[in-house]
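Visitor: Provided below for reference: sequence and predicted model.
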Amino acid sequence: MNNEFLIPIAFFAMVYGIVYLFVRKKERLALIHQNADATIFESHKNEPSSLKWGLLLVGIGVGILLGKVLAVYTTLEEEPAFFSMICLFGGLGLIIYHLLVKKFEKP
(Lines give C-alpha, C1' and ligand atoms only; values in the text may rest on other atoms or scores of the structure.)
Protein backbone atom coordinates (compact mmCIF):
# COMPACT_ATOMS: atom_id res chain seq x y z
CA MET A 1 0.00 0.00 0.00
CA ASN A 2 1.43 3.34 -1.07
CA ASN A 3 1.15 6.00 1.64
CA GLU A 4 2.79 8.87 -0.21
CA PHE A 5 -0.49 10.83 -0.22
CA LEU A 6 -0.17 11.23 3.57
CA ILE A 7 2.91 13.48 3.25
CA PRO A 8 1.11 16.52 1.79
CA ILE A 9 -1.80 16.04 4.21
CA ALA A 10 0.55 15.91 7.20
CA PHE A 11 2.44 18.96 5.90
CA PHE A 12 -0.80 20.93 5.48
CA ALA A 13 -1.94 19.93 8.97
CA MET A 14 1.38 21.01 10.46
CA VAL A 15 1.33 24.40 8.72
CA TYR A 16 -2.31 24.95 9.69
CA GLY A 17 -1.55 24.09 13.32
CA ILE A 18 1.40 26.47 13.50
CA VAL A 19 -0.56 29.33 11.92
CA TYR A 20 -3.56 28.65 14.18
CA LEU A 21 -1.43 28.73 17.32
CA PHE A 22 0.40 31.88 16.19
CA VAL A 23 -2.84 33.74 15.44
CA ARG A 24 -4.40 32.65 18.72
CA LYS A 25 -1.34 33.87 20.62
CA LYS A 26 -1.59 37.26 18.92
CA GLU A 27 -5.29 37.49 19.79
CA ARG A 28 -4.60 36.71 23.43
CA LEU A 29 -1.82 39.30 23.58
CA ALA A 30 -4.13 41.90 22.05
CA LEU A 31 -6.76 41.13 24.69
CA ILE A 32 -4.16 41.47 27.45
CA HIS A 33 -3.04 44.85 26.09
CA GLN A 34 -6.66 46.05 26.07
CA ASN A 35 -7.23 44.73 29.61
CA ALA A 36 -10.05 42.57 28.27
CA ASP A 37 -11.18 39.23 29.62
CA ALA A 38 -9.79 36.21 27.75
CA THR A 39 -12.59 33.86 28.75
CA ILE A 40 -13.80 33.76 25.14
CA PHE A 41 -11.06 31.19 24.49
CA GLU A 42 -12.27 28.84 27.21
CA SER A 43 -14.53 26.04 26.12
CA HIS A 44 -17.36 25.21 28.49
CA LYS A 45 -18.90 22.46 26.43
CA ASN A 46 -20.48 19.78 28.52
CA GLU A 47 -20.91 17.30 25.70
CA PRO A 48 -20.24 13.62 26.25
CA SER A 49 -17.16 12.86 24.18
CA SER A 50 -17.56 9.12 24.71
CA LEU A 51 -20.79 9.27 22.68
CA LYS A 52 -18.97 11.06 19.87
CA TRP A 53 -16.12 8.56 19.79
CA GLY A 54 -18.50 5.64 20.09
CA LEU A 55 -20.61 6.76 17.14
CA LEU A 56 -17.49 7.51 15.09
CA LEU A 57 -15.97 4.09 15.76
CA VAL A 58 -19.26 2.31 15.07
CA GLY A 59 -19.49 4.25 11.80
CA ILE A 60 -15.95 3.24 10.88
CA GLY A 61 -16.71 -0.40 11.72
CA VAL A 62 -19.83 -0.38 9.57
CA GLY A 63 -17.83 1.34 6.83
CA ILE A 64 -15.18 -1.38 6.89
CA LEU A 65 -17.85 -4.08 6.76
CA LEU A 66 -19.74 -2.48 3.88
CA GLY A 67 -16.47 -1.65 2.11
CA LYS A 68 -15.64 -5.35 2.07
CA VAL A 69 -19.12 -6.20 0.83
CA LEU A 70 -18.82 -3.55 -1.87
CA ALA A 71 -15.37 -4.84 -2.92
CA VAL A 72 -16.54 -8.47 -3.11
CA TYR A 73 -19.85 -7.98 -4.92
CA THR A 74 -18.94 -5.18 -7.33
CA THR A 75 -16.10 -4.46 -9.69
CA LEU A 76 -14.82 -1.71 -7.39
CA GLU A 77 -11.31 -2.30 -6.03
CA GLU A 78 -10.75 -2.77 -2.31
CA GLU A 79 -8.96 0.51 -1.52
CA PRO A 80 -11.59 2.87 -2.92
CA ALA A 81 -14.39 0.73 -1.49
CA PHE A 82 -12.93 0.72 2.01
CA PHE A 83 -11.89 4.38 1.98
CA SER A 84 -15.23 5.64 0.68
CA MET A 85 -17.33 3.56 3.05
CA ILE A 86 -15.17 4.42 6.09
CA CYS A 87 -15.42 8.14 5.31
CA LEU A 88 -19.13 7.93 4.57
CA PHE A 89 -20.18 6.03 7.67
CA GLY A 90 -17.68 7.74 9.97
CA GLY A 91 -19.12 11.07 8.82
CA LEU A 92 -22.66 9.78 9.31
CA GLY A 93 -21.75 8.79 12.87
CA LEU A 94 -20.53 12.33 13.57
CA ILE A 95 -23.66 13.84 12.00
CA ILE A 96 -25.84 11.61 14.19
CA TYR A 97 -23.84 12.74 17.23
CA HIS A 98 -24.36 16.39 16.28
CA LEU A 99 -28.10 15.87 15.87
CA LEU A 100 -28.36 14.05 19.21
CA VAL A 101 -26.45 16.81 21.03
CA LYS A 102 -28.66 19.50 19.46
CA LYS A 103 -31.79 17.55 20.38
CA PHE A 104 -30.86 17.16 24.04
CA GLU A 105 -29.20 20.55 24.41
CA LYS A 106 -30.76 22.73 27.07
CA PRO A 107 -32.14 26.03 25.74
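Guide: Structure received. Numbering: from 1, shown residues only.
Visitor: mind listing what's buried in the strand or helix carrying Leu65?
Guide: Following DSSP states H and E, one finds Leu65 within helix 49-73. Neighbour counts over helix 49-73 (16 or more other CB atoms under 10 Å) mark 52, 55-56, 59-60, 62-64, 66-67, 70-71 as buried. C-beta here means a position set from N, CA and C on the backbone, and glycine is covered the same way.
Visitor: now do the helices in the chain.
Guide: Assigned by DSSP state H, the helices in the chain fall at 6-33, 49-73, 78-104.
Visitor: mind putting those in JSON lines, mean pLDDT included?
Guide: Formatted as JSON lines, these follow (pLDDT from 0 to 100):
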{"stretch": "helix 6-33", "mean pLDDT": "84"}
{"stretch": "helix 49-73", "mean pLDDT": "90"}
{"stretch": "helix 78-104", "mean pLDDT": "89"}
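Visitor: returning to what we had before: just the angle between the helix holding Leu65 and helix 78-104, please?
Guide: When axes from the mean of the first three to the mean of the last three CA atoms, to 10 degrees is applied, the directions of helix 49-73 and helix 78-104 differ by 150 degrees.
Visitor: how's the chain carved up into domains?
Guide: 1-44, 45-107 (automatic domain parsing).
Visitor: need the winner for burial among these.
Guide: domain 45-107 (a mean of 14; mean count of other CB atoms under 10 Å).
Visitor: just give me how far it sits from the chain centre.
Guide: Here domain 45-107 is found 11 Å from its chain centre; the criterion is CA atoms, centre = their mean, to the nearest Å.
Visitor: going forward, count from 599.
Guide: Got it, first residue is 599 now, which makes that one domain 643-705.
Visitor: hmm, back to that, identify the residues contacting the helix holding Leu663?
Guide: The list of residues contacting helix 647-671 from outside it, by CB atoms under 8 Å, 6 or more residues apart in numbering, reads 674-676, 679-692, 694-695, 698.
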